[in-house]
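Visitor: Got a predicted structure here, sequence first:
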Amino acid sequence: MNTYKITAADNTFTAEVEKRSGQDLNACYQCGNCTAGCPFSFAYDIQVSNIMRLVQIGQRDKVLQCHSIWLCASCQSCTTRCPNNIDVAGVMDHIRHMAREAGLATERKVKVFVDSFLDSVERHGRVYEMGLMVSYMAKTGRVFTDVELAPKVLPKGKLPLKPHSIKGKEQIAAIFKRFREVKSK
Amino acid sequence: MKGLEELKDKIHEILPDLDLVIGWEQGYDGLHATPLFIKTPEDVDRLIIGPLCVHNLATYLPGLKDKKVGVIVKGCDSRAVIELLQEKLINKDNVVILGLTCDGVINLTKLGRKIGSLGAVDDVKVEGEKLNVVIGDQQHNIAFSEVKQDKCENCIYPNALVFDHFIGEPVDRVENVGAEHQSLSDFEGKSFDQRFAFWKHEMSRCIRCHACRNACPMCVCRDHCVAMTRNPHWLSQENNVAENWMFQMIHVMHLTGRCVECGECERACPMDIPLMLLRRQMNRGVREVFDYEAGIDAQNRPPLLTFKVEEDNISEREW
Amino acid sequence: MPVYDGKELRIVGFLCNWCSYGGADTAGVARFHQATDLRIIRVPCSGRIDPLFILKAFQGGAAGVLVSGCHPRDCHYAEGNYYARRRLELLKRFLPVTGIDPERFEYTWVSASEGPRWQHVVQTFTDRIHKLGPAPLLSEPLTDAEMVEFQRQVEAGRGCGCHI
Amino acid sequence: MSIRISYYPGCSGKGTSSEYETSTTGVCQALDVDLVEIPDWSCCGSTPAHTVNHVLSSALSARNLTLAEQEGFDTVTTPCPSCLSNLKIAEHKMRKESFREAVNELLDQPYGGGVDTKSVLQVLVENVGLDKVRERVKTPLEGLKVACYYGCIMNRPPEVMDFDDHEHPMAMDNLMEAIGAEVIPFPLKVECCGASFGIPQQNIVTTLSGKLLEVAKGLGVDALVTACPLCQMNLDLRQGQINAAQGTQHSLPIFYFTQLMAKAFDLSDAVQGMKRLIVNPQKALAKIGQADKEIA
Amino acid sequence: MRIGVFICHCGSNIAGTVDCAKVADAAKAFPDVVHAEDTMYACSEPGQQGIIDAIHEKNLTGVVVASCTPRMHEPTFRRAVERAGLNKYMFEMANIREHVSWIGKDKELNTNKAIDLVMMAAEKLRHNAPLMAKKFDINKRVLIIGGGVAGIQAALDCAEGGLEVVLVEKTTSIGGKMAKLDKTFPTVDCSCCILGPKMVDVAQHPNITLYAHAEVEEVNGYIGNFEIRIKQKTTYVDWEKCTGCGLCMEKCPSKKSYDHFNNGVGTTTAINIPFPQAIPKKAKIDAEYCRMFTKGKCGVCAKVCPTGAISFEMTDTEVTENVGAIVAATGYDLFDHAKYPEYGAGKYPDVITSIQYERLMSASGPTSGHIKRPSDGKEPKNVVFIQCVGSRDKSVNRPYCSGFCCMYTAKQAILTKDHIPDSRSFVFYMDIRSPGKDYDEFVRRSIEQYDTQYIRGRVSLIYPQGDKMIVRGADTLAGAQVEVEADLVVLAVGAESAAGAPQLAEKLRISYDSYGFYMESHPKLKPVETNTAGVFLAGACQGPKDIPSSVGQGSAAAAKVLSLFSKDQLESDPQIALVNASRCIGCYKCVETCPFGAVKEEQDRFNNPKARVIETICQGCGVCTVTCPQSAIQLQHFTDNQILAEVKALCPSMMVKN
């Protein structure tokens, strides 16, 4: 493990996370309640309370490159139980935004799933679950994802084979378009 | 106002037990009435009542606290008596109240604006809703409603509220009951800056003659008025806008929750400064916050002499 | 001292000794930074505050007046703030007719332990007064030359000076 | 007295959770709740949108709130907690002016604010009321022993969701009791099932949902009752995957609470949609009424 | 008047952000100021001497000191000017530290503000007048409210010092929280064994009058002469007759009554004596459970009572006591963990509070000292302790540290091992706070010798699985989530202010903080005084405290009362209202508004009505002064002229053209 050079740390990182999330990270006294309640902690490479600590000491790279931020499902356990009223799930969300913007995605599959999902929304106005699966499999090369479920699902009529697009789908596409324009500014 | 003869009879009846009875008599001309202090049966003959009898005679009561006094009051004047009783500034045992019913009294400033000079009026007669003013051989016929006191315009207390003897028959309340005087809402049409400038101008005209104070039935401090002492030093004797303004503020604040809107201050003001605007605004606050009017019931506690732990109409000031 | 041009406005505070003055002390001890405009006059109780003091301050050109006492029920003298509340509420409702913006006057309750609240009150009120700007004046201030002449007359015994 | 309310079905209602959709509309109809579907509604963005950007996420939600507002509604109801969360959070965040402006910049029609969203569960419990539900029951579910699982975001964070207890919610428990089922308190009512990681990170779902099934099994219940399409899918559709990963043999039916209500109301099979469940519920459903017979 | 002005640097506290020399320079130009200087520490011995010297050398008749808040050092400087021969009210202070240097960043603005404040003080001083204190007699009795260990200590010390003591206790027995504890840290000696004898002393002391099951209803008067109305709440048992034999408890058929003394661990009878060592040892009927009250018939206790003490018709009564001083020792309450739904919100029987655990361990408790868990009575093997439940937690509005939980948890872990040698204890903690003599050694002993497993992290969730409680927490030192399968979970609940504390504070006219703890006069220098003269504090009503600190404060408060009563007369504060009879018109509005009834209606020799202020009753609020339209009644030291002088200094209306 590296020695963290605290004085050489990136102060702007702490400030940026605070500004984006609107949370006072100095209020975190490292009680570990977020880690204690996190259902995903078993899958995390860095525990959520440790992420909070690393943000406090300005370790931008370590935080943005960690896997945990992609595995958080925003289940709100941490936010609901934080004794200092910090919206921890919100902080995780914002760190993930920052990682995305920095072009980082240590959990590529998660990112691709998200992208495929939004792709589907952008194209049809609603999520087309079958199309989403196909798109996801194509992008990840994981053609056998959940393939064993197909015989269970298809006879139940749960996955329509055709997308149902909405009339105002251009409006949805426009939202995405403007979003990208604003972001690129 | 009706029942002069009945009133005179009543005074004759009660005078032997009293030191004096206060009423009105004709003044130096046909236009002016002036207070009359009746001490002998002969004095009774000079008594008049009518639209010229503007003076609120309750003003004299605190100064005659130790005397047995009869006083003739209109509806509005009776509120001053009640307020004085509420504040224990007079002793009910020493006062005999002769209550009248009233259909308005005259505002000489308004009349002056109608007929020009008020100098040589010979006679004034009221015929129904018409006022007939005689100046030499000239006659002016004026609608009485146009020259009434402001307070008479939407008077809700035409009959004396408190009395030992009521003269005549009580009249019904007039229309427009309880409406706030138009002048206040008119004034609110102005911006804060305009209002401030208005008072700055009005106060530049104030000559600090203290007539407003002397006419006020609630100004009982008299020789001990804080406006006339260096200890405490609220006001200097300098005559400037700021000090005049402060003097009027002292007068208003000392009337908080006490003013019965008899209008005597404004009537007495030789400079015609619209002092009632200030009082009406203060009374509006008293009404809104405490649902209270001064001089209605002698048993009521004046609002500033008491409190409620939880005030009904004051929101706790959260920041 | 005249107010600092462009930086400060004249704001007068009347605080009761037991709660709000203590609250202002608590804010000071905790180094809660505040705008510097406010000058505090200490009185034993909000019940000692005559609304005329406030009008006197406005007469003298105050841009804002802030009153603070103990919370209702917590008065050191049991009832003083209840009387104050009535007097001050009526004053606030009276002010509009004078042309003094009632926003220039505020009263509130701050306890001795409420340092953060005091900071908030001061900051909020000061910001509000700065938005409203300087108070309208009943008369124009003396020029420097007139001031010198005035002082000369006082020293010469011609002015009485008793109004200082 | 009927209730008329704007209705947002959510994408999965038209796909993987069609039985939730049919039973929800059926039950609401039976209880005089007039669900007015938002015309041409679009996806709220679900979890993926807010993991990318909050403004984008709120814009996708706000479009639907605006449509509801134009129809003259101030409240929207949705069966899906994920949609609920997104719609509520969008409204909550957009109370801040700068955020609202940023969102409206993305939209064709700006959202004015003030449209509240409630879950169908909340509408049934608060607006319809348990008494009315009880009256409507034709076949009480006596003999069926269930535990209610609410999922992680229906009640959290409490200051936004503003419904029921955020650690021990009771709305569904009370509803199930009202239709005659025996309800065993589920200790992990608001624990996460693994959410949308079923596809990209299957092991997360099999671990977390496996835990839920394990605890439910320990309680000896006949079935779990859910209010969330994602939870239901993870627990039902992926139960086989869970068994394979955890070496277990669970065969626990996972109902939507509306399905059991439809059952108790004797609504049609198509409305109940029991056949669409993956884990066969027949054994559990067969217990209904059995308790009485045993006593008799 | 010849005024001297002294501007204090307070080291760098003031001088850091205020140009003190410039302030002194400006002060020299103020009217009547003949001397102005800046000084390093005005309150220090040389600082005070400098003021005294200047008074002598410059013939000063009044002094202004600009330094810290007058709430701190006004008495100090008043004594100094008095030593120099001036009347101590010929002194004013300008607060340029708390109100200037500590809150403003800009030195120029601060300096300007300091000059303003000094000018205001000097202007006020020009209107000051010498005031003389009057002497009045005092009642040398003391009221002590609360019979916990702090109140007991204060009562015993005062009684030993020869004072008559009135002790009022809310519950039916004195002893407070300490009586409930099994053992005490760090000595692990039996709580009841060390407290019991003190309780007996209270009962037997001839100088102590004890009102148990009583509450203070109303407090009137002032230092030296308080009048206290005490409500003696009904017990339905005539305590004159009750011998405490306990026969009624044996026979009472209502055996499922809530056991307040045991905090709901186990049950008790509707008529009960809370615990064997209770003082007074008298029975009380809990009407909520008594069948006579709930069902209208029973009366078994009345039948069996050998002295006929039971009276179902008994009602509350009132007594009035006159005292000269009051000590509030009302203690604290424990946090209600229902506010933590993630810990079961009180619904899981095997998740209990630390005080319930004390009762489980106590030999006089419901299990006779055998630790049995509430659900099934089994002896727990794995016991989890969770610290900071209702402490250091902003989300439940308890951001403060309760101070003693770390220590009692260490003690409970040790005692658990003593009771059940094959048990294991796990303590979830955030930080261990153990400053105190032998305290940290005690915690180390728990860890090192008793194998208590300390885990640094909070617990997020407790849920039942089978007959275990699953405790899911974090070990932040290991950087991991951890789970413990516990048989019993003990929540180390924090302290909060006693129920009804704010209401009592209002009666006593003392201040309390936003959590309901009473405010001391100065956090360091006046820890047991309040801002209301004659009212003192002892124990946890002022803030969470352990036993040694509470006992220490009890003695300290007693010492304050004894020193107050060492004089036969007290000096009244001359800052009271005074009527200028020549201005008074006798309207008596002041009589109506005075909160204390201190203004009397009188007549002068010409039979004119005049108001008169009774000096010993007036508290100096000034409500009357504002009421009086003639300004005839003036609050001394805060007269209209004095306040106007300050207003005019700030807002000089004469600086204007006509």
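Guide: Happy to help now that I have it.

Visitor: My read is that B:Lys110 contacts B:Glu146, right?
Guide: Yes: B:Lys110 lies in contact with B:Glu146 (CB atoms under 8 Å); the separation is 6.9 Å. For glycine as for every other residue, the C-beta is placed from the backbone atoms N, C-alpha and C.

Visitor: Neighbours of the residue of chain C found nearest chain E, how many?
Guide: Residue nearest to chain E within chain C (CB to the nearest CB): C:Gly60, separated by 2.5 Å. Using other CB atoms under 10 Å in any protein chain shown, C:Gly60 is surrounded by 24 other residues.

Visitor: Hmm, it is touching E:Glu646, no?
Guide: No: contact criterion CB under 8 Å: C:Gly60 and E:Glu646 do not qualify, at 11.2 Å.

Visitor: how does chain C divide into domains?
Guide: Domains of chain C are assigned by automatic domain parsing as C:11-133, C:139-164.

Visitor: which one of those has the lowest average pLDDT?
Guide: Among the domains of chain C, domain C:139-164 carries the lowest mean pLDDT, at a mean of 61.

Visitor: Leaving out sequence neighbours, find the closest residue to the residue of chain E found nearest chain B.
Guide: For chain E and chain B, the shortest gap (CB to the nearest CB) falls at E:Asp640, measuring 3.6 Å. Nearest residue to E:Asp640, sequence neighbours excluded (CB to CB, 6 or more residues apart in numbering or on different chains): B:Pro232, at 3.6 Å.

Visitor: Tell me who's in contact with the one you found.
Guide: B:Pro232 sits next to B:226, E:631, E:634, E:639-641, E:644 when contact means CB atoms under 8 Å, 6 or more residues apart in numbering or on different chains.

Visitor: and if we set it to 6 Å?
Guide: E:631, E:640-641 (CB atoms under 6 Å, 6 or more residues apart in numbering or on different chains).

Visitor: got these as TSV, with distance to A:Gln30 columns?
Guide: Output for the contacts of B:Pro232, formatted as TSV (distance: CB to CB, whole Å):
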residue	distance to A:Gln30
E:Ser631	62
E:Asp640	58
E:Asn641	59
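
Visitor: Of those, which is the nearest to chain A?
Guide: E:Asp640 (47.8 Å).

Visitor: just the helices in the stretch 1-150 of chain B please.
Guide: B:4-14, B:75-86, B:108-115, B:150-153 (DSSP state H, counting those that start in this stretch).

Visitor: and the longest one, does that touch chain E?
Guide: The reference is to helix B:75-86. No: on the criterion CB under 6 Å from any CB of the partner chain, helix B:75-86 is out of touch with chain E, staying 10.3 Å away.

Visitor: Measure how buried the closest residue to B:His32 other than its chain neighbours is and give me the count.
Guide: Of all residues not flanking B:His32 in the chain, B:Leu52 sits nearest, at 7.0 Å (CB to CB, 6+ apart). B:Leu52 has 21 neighbours, counted by other CB under 10 Å.

Visitor: And for B:Ala197?
Guide: 14.

Visitor: part of a strand, is it?
Guide: No: counting by DSSP: H, G, I helix; E, B strand; the rest coil, B:Ala197 is not found in a strand; it is helix.

Visitor: What is the neighbour count of the residue in chain C positioned nearest to chain A?
Guide: In chain C, the residue that lies nearest chain A is C:Pro116 (14.5 Å; CB to the nearest CB). Neighbour count for C:Pro116, taken as other CB under 10 Å: 15.
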